[in-house]
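J.: Whatever this is, show me its structure:
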Amino acid sequence: MSTPYTWLHIGLGSFHRAHQAWYFNQLMRNGDHSWQIAAGNIRNDSEATIETLQRQHGEYVLETVTPRGHRHHELIKSIKKLIPWQADLAPLISCGAEPNTKVIAFTVTESGYYLDTEFNLQINNPDIKQDLQGGNQTIYGTISKILEQRIEQQAGPVTLLSCDNVRHNGQRFRDGLIEFLNLTHNAKVLGWLADNVSFPNSMVDRITPKPEPNLTDRVLDKTGVHDGAPVMGESFIQWVLEDNFIAGRPKLEEVGVELVASVDPYEEAKIRILNVSHAGIAWTGALIGQKYIHESTQTGFIREIVYKYITRDVIPCLSQHQNDIDFYQYRDVVLDRFTNEHIKDTIQRVSGDGFSKIPAMITPTLVESYAQGRVPKATASLPAIFYVFMQEWHIGRLAFDYYDGILDSASVHQMYEADDPIHLYASNQSLFGELAQKPEFEALLRNRIEAVYALLS
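T.: Residues are numbered from 1 along each chain as shown. This next block holds a predicted model:
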């Protein structure tokens, strides 16, 4: 039997293990062993999981559950190589540079792309600064080192595949990487990219919460497997890929992956309808002391906020460009998925990275609504809720630690301590782009923030 090709995944977290690894497991169950997953991390924050998986030979149990509580357990065996972390990432870089590695995919979250509202690198970010000096704290520094080694070792072409909730994620990563290579004067890699690297866009979808404390016991009870690193997710799963793989790919279409010429309509629907609503529900739920997404989705006024956002603003925007997706049906399916009380998806998990989500996911609907001659009152409610959410963070009243990969704590505290914090917020170009200089947008945002205060009083 020939040696299988390697699909290297950077970002070995619960989502990858519940999503991409599941599809590869289906291929293996069908008798296709022509590809295998190798996986590792840029950051040293999951080594305990990797060590556990190593003891289990990479195998673990995936539990999925429907909104009605039907559970299914499956042993996943598709991750064949677990790459230990070390500070210089030498094992990860070495794997990426092997000739047999044909695809390098990654999930680094929205904030892991370090892009501003104009999709340029945030060159003043400390992580980017470090990588511009030769570090490997970000996906850009890491991938550039992998490509340098591939060139030296004549390893051949490779596909770089973003699997994050970033609009046009392949294109955005490509542009960010090229900017990074220009800033580091890396002419060798820049010259090699055009003929040797492809950057497909993709859309991934499966809600994957932090595993419950009793998941290990439940897996043992249901399967008899002693698993120290099980994962759980909803039963729904979707993966849409632009069919643009320069060095070959697995036959993923045989296990339900949608290979398409353009991912655009799928990712727009998912980002604006699912991801934004998810965040809005989390921010609002946090303000009334709730802990789980299903609680907040089942809270009437919270569901109404996101329902109006989707129906009044998002669907009119999306319908201008795409007519063969039933956005109303998609809205209803998404909101039903959010009511899944059995996965216990936490508000803390979903609320993160707001300073990346607003410019990337919410501001486009604001801009397009104005362009269509419509005041986006429903959409403006979401950054208004986030303003109040962060105000609670500012005064230390959030019930959990808020995570945001690009949070500038000092600047946010300074904003709320100013005479007119709403003005500073509304005029923040990094968040709102061209709207930051428009008095009518500031007036709308003030109105929506006042409405949030009134709702919570």
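J.: Spit out the contact partners of the nearest residue to residue 168 once chain neighbours are set aside.
T.: Of all residues not flanking residue 168 in the chain, residue 201 sits nearest, at 5.7 Å (C-beta to C-beta, 6 or more residues apart in numbering). Quick note: C-beta positions are derived from backbone N, CA and C, even for glycine. Shown in contact with residue 201 (C-beta atoms under 8 Å, 6 or more residues apart in numbering): 162, 168-171, 242, 262-264, 267.
J.: Take those residues and write them to JSON lines, including pLDDT.
T.: JSON lines is the format used below for these (pLDDT from 0 to 100):
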{"residue": "162", "pLDDT": "97"}
{"residue": "168", "pLDDT": "91"}
{"residue": "169", "pLDDT": "94"}
{"residue": "170", "pLDDT": "97"}
{"residue": "171", "pLDDT": "96"}
{"residue": "242", "pLDDT": "97"}
{"residue": "262", "pLDDT": "92"}
{"residue": "263", "pLDDT": "93"}
{"residue": "264", "pLDDT": "89"}
{"residue": "267", "pLDDT": "88"}
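J.: Quick check on these: which are buried?
T.: 162, 168-171, 242, 263-264, 267 (16 or more other C-beta atoms under 10 Å).
J.: Restricted to strands, list those residues.
T.: Among the buried ones among the contacts of residue 201, DSSP state E puts 162, 242 in strands.
J.: which of the buried ones among the contacts of residue 201 lies closest to residue 192?
T.: Lowest distance from residue 192 to the buried ones among the contacts of residue 201 (C-beta to C-beta) belongs to residue 170, with 17.8 Å.
J.: Flag the shaky bits of the chain, pLDDT-wise.
T.: Within the chain, the ranges that satisfy pLDDT under 70 run 1, 117, 322-323.
J.: can you list the domain ranges for it.
T.: 5-260, 264-456 (automatic domain parsing).
J.: Would you mind measuring the gap between the ends of the first one?
T.: Looking at domain 5-260, the gap from its leading to its trailing residue is 23 Å under the measure C-alpha to C-alpha, to the nearest Å.
J.: Off-centre distance for it?
T.: How far domain 5-260 lies from its chain's middle: 11 Å, per C-alpha atoms, centre = their mean, to the nearest Å.
J.: Next, residue 7: secondary structure please.
T.: Using DSSP: H, G, I helix; E, B strand; the rest coil, the structure places residue 7 in strand.
J.: Tell me who's in contact with it.
T.: Residues near residue 7 by C-beta under 8 Å, 6+ apart: 24, 35-38, 101-103, 105, 250.
J.: same thing with residue 93?
T.: Applying C-beta under 8 Å, 6+ apart, we find residue 93 in contact with 136, 142, 145-146, 149.
J.: hang on, it in a helix?
T.: Yes: counting by three-state DSSP, residue 93 is located in a helix.
J.: Report the separation between it and residue 146.
T.: Going from residue 93 to residue 146 by C-beta to C-beta, to the nearest Å gives 5 Å.
J.: sorry, back to before: using TSV, lay out the contacts of residue 93 together with neighbour count.
T.: Listed next are those as TSV, based on neighbours: other C-beta atoms under 10 Å:
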residue	neighbour count
136	22
142	22
145	22
146	27
149	16
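J.: Which of those sits closest to residue 213?
T.: Nearest member of the contacts of residue 93 to residue 213, counting by C-beta to C-beta, is residue 142, at 32.6 Å.
J.: in this protein, which spans are strands?
T.: Taking DSSP E, the strands of the chain run over residues 5-10, 35-40, 60-65, 71-76, 79-82, 101-106, 158-162, 197-198, 202-205, 231-234, 238-242, 258-260.
J.: Restricting the selection to alpha carbons, write the fourth one to PDB.
T.: What follows is the C-alpha trace of strand 71-76 in PDB, where atoms were taken according to Å, rounded to 0.1, in the frame of the first residue of the first chain:
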ATOM      1  CA  ARG A  71     -27.200  11.300  21.200                       C
ATOM      2  CA  HIS A  72     -24.800   9.400  18.900                       C
ATOM      3  CA  HIS A  73     -21.300   8.200  19.800                       C
ATOM      4  CA  GLU A  74     -18.500   7.500  17.200                       C
ATOM      5  CA  LEU A  75     -14.900   6.500  17.600                       C
ATOM      6  CA  ILE A  76     -12.700   8.900  15.500                       C
END
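J.: What are the buried residues along that strand?
T.: Residues of strand 71-76 classed as buried: 73, 76 (neighbour count, 16+ other C-beta under 10 Å).
J.: Done for today, thanks.
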